[in-house]
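J.: what follows is a predicted protein model with its sequence.
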Amino acid sequence: MSGPVNARPRLELPQVTLVAVTSVNVAATVIALERSMAQVAFGAVKLIADHAPEALRPGIEWVRIAPLASASAYSGFVLERLADHVATSHALLAQWDGHVIHADRWRPEFLDHDYIGAAWPQFDDGFDVGNGGFSLRSRALMEACRAPGFRPSHPEDLAVGRENRA
């Protein structure tokens with residue numbers, strides 16, 4: 001017998017890689033990926049971490065990296081190396097505390113944008129969207145982040161959403 005009668009079909013996003021980059025809270029990060037996968041069928045799902053989780057469900061690929069010793073090291077990785085791990089047109093960057101909750105709010109036009117991140121309450125100058133903890137990024141943006149002329153800095157979301165916005 002199939003799932004419950006009221007179960008919604010998973011959203012199909014074959015052009016999006018769900019990815020998490022971490023050296024902390026790996027077990028919680030795996031749970032966040034699993035919760036996202038319960039609602040969305042992604043093109044790929046990757047956990048990029050310095051150590052293997054105790055348990056990893058099928059469908060999540062673990063990619064070993066050197067430990068990220070600081071938040072600044074995380075920013076550098078996301079800006080300069082994330083594109084190396086994403087073969088799809090977009091990446092949905094998740095963290096242990098930022099993941100898919102309401103897949104029914106997805107809109108196809110989200111893929112028309114290079115970057116979508118949550119609003120920052122501390123800015124009121126019209127450039128107040130771009131929190132990177134749970135963000136959608138296009139391949140074009142990921143490549144632009146490591147191109148000549150892009151000024152990488154920490155935190156990475158401010159580097160993308162404010163300092164290098166143009």
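T.: That came through fine. Only a predicted model underlies this, so the values are computations on that prediction, with no experimental measurement involved.

J.: show the model's pLDDT score for the closest residue to residue 40 other than its chain neighbours.
T.: The shortest distance from residue 40 to any non-neighbouring residue, by C-beta to C-beta, 6 or more residues apart in numbering, is to residue 11 (4.6 Å). Bear in mind the C-beta positions are built from the backbone N, C-alpha and C, glycine included. On pLDDT, residue 11 comes in at 98.

J.: ok, now residue 4?
T.: Reading off the model, residue 4 has pLDDT 51.

J.: in this structure the residue nearest to residue 40 contacts residue 102, no?
T.: No. Using C-beta atoms under 8 Å, residue 11 makes no contact with residue 102, being 10.4 Å away.

J.: comparing the two, which residue is more hemmed in?
T.: Between residue 11 and residue 102, counting by other C-beta atoms under 10 Å, residue 11 is the more crowded of the two (15 against 7).

J.: extract the C-alpha set from stretch 137-149 and format it as PDB.
T.: C-alpha atoms of stretch 137-149 as PDB (Å, rounded to 0.1, in the frame of the first residue of the first chain):
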ATOM      1  CA  ARG A 137      22.100  30.400  -5.400                       C
ATOM      2  CA  SER A 138      22.400  30.000  -9.100                       C
ATOM      3  CA  ARG A 139      25.500  28.500 -10.800                       C
ATOM      4  CA  ALA A 140      26.100  31.900 -12.300                       C
ATOM      5  CA  LEU A 141      26.300  33.500  -8.900                       C
ATOM      6  CA  MET A 142      28.600  30.700  -7.500                       C
ATOM      7  CA  GLU A 143      30.900  31.200 -10.400                       C
ATOM      8  CA  ALA A 144      30.800  35.000 -10.000                       C
ATOM      9  CA  CYS A 145      31.800  34.700  -6.400                       C
ATOM     10  CA  ARG A 146      35.200  33.300  -7.400                       C
ATOM     11  CA  ALA A 147      35.700  35.500 -10.500                       C
ATOM     12  CA  PRO A 148      38.300  38.300 -10.700                       C
ATOM     13  CA  GLY A 149      36.800  41.500  -9.400                       C
END
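
J.: please compute how far it lies from its chain's middle.
T.: Offset of stretch 137-149 from its chain centre (C-alpha atoms, centre = their mean, to the nearest Å): 15 Å.
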